[in-house]
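**Q** Build me a structure from this.
(chains A and B)
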Amino acid sequence: MLQEYMILSIILFCIGVVGLISRRNIIVIYMSIELLLNAVNLSLVAISADMADASAQVMSIIIIAIAASEAALFMSLFVVLFKKKSSLDANIFDMLGSKR
Amino acid sequence: MQNEIIFAILALLTIVSSIVMISAHRPIDSALAFIVALICIAALFGLVNATFMFVVQIIIYAGAILSLILFIIMFLNIKDENLPDEKNKNWWLLGTSFIVAPFGLILIDLIIRSDITINRVPAEGFGNIKDVGLTLFSKWVLPFELVSILLLVALVGAVTLAKRES
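**A** Numbering: from 1, shown residues only, chains lettered A, B, ... in the order given. As a prediction, this is how the structure comes out:
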């Protein structure tokens, strides 16, 4: 069962990387990052079930906590950027702190 | 045998819904497809007896994070002209998948060739809340405390980002 889980996790990771590179909508980019984290979680839980050890599950709980804090920051960033530029295009957000 | 059939159905659903997620034009469609993918991943956790991870995945991911995304999408009131006009989106997706696919194929080939399974028999009560909690508070106390600091920093950062304008 471990090999199938690892293969599924690799496929999900590749789909997430494709979405991360090729889309310009920032909400979709954010969800692609979450998909990458989920693929890693899936492989960690499969390894933990194969080794009969709960440590990998603890690692994926910590990854979920990191994803939750990342979600809070991303959401406030979306609100600020949308108020400023009224667009979701990642190509517009290239000011890097300049007052343009 | 039964487990393999359930795994195949769930894996197919996860892959299809994540492809829909990265290729949908409107963000609300991709958020709804992402919910399906997350619930399927939670069911895959349940399939290997990781019951606590199953609950955590459904409550935190499908419950908290995705409802936050849906809330923000509805709060921003996104019109069609606010979305980026990705005219060549499908070509971009196709080209990028041709670039990424060799790496994935090499990794899958490596996994198939190597003999990584150990198949240790789990003890009684593996993956329930007591087992995971005992491991978290005995071996992994330091990362747990660091995560609490990280959550505090994220809270302060979100508040300052949202209040900067006024």
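
**Q** and stretch B:5-16 with chain A, contact?
**A** Yes: against chain A, stretch B:5-16 shows contacts by CB under 8 Å from any CB of the partner chain at B:7, B:11, B:14-15. C-betas here are computed from N, CA, C, even on glycine.

**Q** Which positions within that stretch qualify as buried?
**A** Buried positions in stretch B:5-16, judged by neighbour count with 16 or more other CB atoms under 10 Å in any protein chain shown: B:7, B:10-11, B:13-15.

**Q** who does the helix or strand harbouring A:I63 touch, helix- and strand-wise?
**A** According to DSSP states H and E, A:I63 maps onto helix A:55-85. Packing partners of helix A:55-85 (3 or more CB pairs under 8 Å, 6 or more residues apart in numbering or on different chains; DSSP states H and E): helix A:26-51, helix B:51-56, helix B:66-76, helix B:129-138, helix B:141-163.

**Q** can you list the ones you listed in JSON lines and add mean neighbour count, mean pLDDT and distance to B:G95?
**A** Shown next, in JSON lines, are the helices and strands packed on helix A:55-85 (neighbours: other CB atoms under 10 Å in any protein chain shown; pLDDT from 0 to 100; distance: least, CB to CB, whole Å):
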{"stretch": "helix A:26-51", "mean neighbour count": "22", "mean pLDDT": "92", "distance to B:G95": "16"}
{"stretch": "helix B:51-56", "mean neighbour count": "20", "mean pLDDT": "91", "distance to B:G95": "36"}
{"stretch": "helix B:66-76", "mean neighbour count": "16", "mean pLDDT": "89", "distance to B:G95": "27"}
{"stretch": "helix B:129-138", "mean neighbour count": "15", "mean pLDDT": "88", "distance to B:G95": "42"}
{"stretch": "helix B:141-163", "mean neighbour count": "13", "mean pLDDT": "90", "distance to B:G95": "34"}
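
**Q** circling back: could you tell me which of the buried residues of stretch B:5-16 are located in helices?
**A** Of those, the ones assigned to helices by DSSP state H are B:7, B:10-11, B:13-15.
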